[in-house]
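In: I'll drop the sequence and a predicted model, then ask my questions.
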Amino acid sequence: MKNRLLFVPVLLLSFPLALAQAPSGPISFAFDRTTFPVWDFTGAYQFDQQVVGVGAISDLSFAVYLTHDLAGRLRGTGTTMLSLGQDVVAANFVLNGSVSLGGNATRAIFTVSLSGDDLIAGQYRKFSIHLTYNLRVDPNPANPAAWIPLVRGSPVGGSVRVSGLGGAKVIPGANFAVALPPGVDGAWSVDMSILPLSKLGGTATIVIDSSAAPDRSIIETGTRTLSANLLGAYKPSQTFSQVLLTGLFGSRPATLQLSFYNGASAPARVLGKLLGQTVRQ
């Protein structure tokens, strides 16, 4: 009985000691294209490709602004200036698509439809254009951030129809690439504020590099911040923590699991889903 009574205060003293070793306060990790990027593709894009089969019209160029939502969907709608050979016309556009995979293998698949009625080849003509893009991010961190063709298959296909001139097909042309907007570089970070209670708790923010808002200068950059709840566990014997970040209202469905040792500059494991991309390291 005496030995049992002595064991009780020793056991109680061991709990504060274990909790004292648990991570607490601010802890941050940063990632980029050389580690595991996350892309926010929101921004303005310029597309240039070739046309085969409509008289003197041999090229097609236009710019659109698209948004990348929390689930990974790509959307855009509005009016743009469309270059068809020697003519520049106003066109309505609709863009729909999504991103998939993740990291330096992230793919963007979307369609763009453009239509209008403007002066082409000396006459007012109706036109309609339907394009499909199947692209990936350039996996080489030494190159400027851009969408490039897949290893196999055409990066762009579609058709052009102009009244009085007939139809044609669209091809990508040589060295096809689409530059990502300034600031869209794949870099992101996790900032956690941890409370070492009986289990780990707290909050976190996930900050992703992105382009500037439309009302800002095109050379400016910005960030996108996701807010998350934090829950986790700690193993005192290994000074090892595992936490789950779950997007709060306005940041769903973002999820991220992190496993890390106390004092480590990088996590031992990362797994989750951000902006429709699988994060796995």
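Out: Received it, and whenever you're ready, just let me know what you need.
In: secondary structure element for the residue lying closest to Leu131 once chain neighbours are set aside?
Out: Sequence neighbours aside, Gly158 is the residue nearest to Leu131 in space, at 3.7 Å (criterion: C-beta to C-beta, 6 or more residues apart in numbering). Heads up, the C-betas are built off the backbone N, CA and C, glycines and all. Using DSSP states H and E, the element containing Gly158 is strand 156-162.
In: how much space between the closest residue to Phe127 other than its chain neighbours and Asp59?
Out: Spatially, and ignoring its direct neighbours in sequence, Phe127 is nearest to Val162 (4.6 Å; C-beta to C-beta, 6+ apart). Using C-beta to C-beta, to the nearest Å, we find Val162 at a distance of 14 Å from Asp59.
In: cool, Ile171 as well?
Out: For Ile171, the distance to Asp59 under the criterion C-beta to C-beta works out to 10 Å.
In: and those two? Which one has more around it.
Out: More crowded of Ile171 and Asp59, by other C-beta atoms under 10 Å: Ile171, with 17 against 14.
In: check what pLDDT the residue nearest to Leu131 gets.
Out: What the model reports as pLDDT for Gly158 is 93.
In: is it true that it touches Thr132?
Out: Yes: using C-beta atoms under 8 Å, Gly158 and Thr132 qualify as a contacting pair, with a distance of 5.7 Å.
In: neighbour count: those two, which is higher?
Out: With other C-beta under 10 Å as the criterion, Gly158 and Thr132 differ in neighbour count, and Gly158 comes out ahead with 20 against 16.
In: domain-wise, how is this protein divided?
Out: 22-38+183-280, 43-179 (automatic domain parsing).
In: ok so, going back, list the buried ones in the strand holding Gly158?
Out: For strand 156-162, the neighbour count (16 or more other C-beta atoms under 10 Å) marks 156-158, 160-162 as buried.
In: of all those residues, which comes closest to Asp87?
Out: Lowest distance from Asp87 to the buried residues of strand 156-162 (C-beta to C-beta) belongs to Val162, with 9.9 Å.
In: spit out the contact partners of that closest one.
Out: Val162 makes contact with 54, 57, 84, 120-121, 125-127, according to C-beta atoms under 8 Å, 6 or more residues apart in numbering.
In: what do you get for Val89?
Out: By C-beta under 8 Å, 6+ apart, Val89 lies in contact with 81-82, 116, 118-120, 127.
In: take those and keep only those in helices.
Out: Secondary structure assignment by DSSP state H places none of the contacts of Val89 in helices.
In: highest neighbour count among the residues you listed?
Out: Once you tally neighbours by other C-beta under 10 Å, Ile120 ends up highest among these, having 25 neighbours.
In: Three-state assignment for Ile208, please.
Out: Put simply, Ile208 is strand when judged by DSSP: H, G, I helix; E, B strand; the rest coil.
In: what sits opposite it in the beta ladder?
Out: With DSSP bridges applied, the residues forming beta bridges to Ile208 are Trp188, Arg224.
In: surely it meets Val184?
Out: No: with contact defined as C-beta under 8 Å, Ile208 does not count as touching Val184 (9.3 Å).
In: which residues do the two both contact?
Out: Between them, Ile208 and Val184 have 39-40 as joint contacts when contacts are counted by C-beta under 8 Å, 6+ apart.
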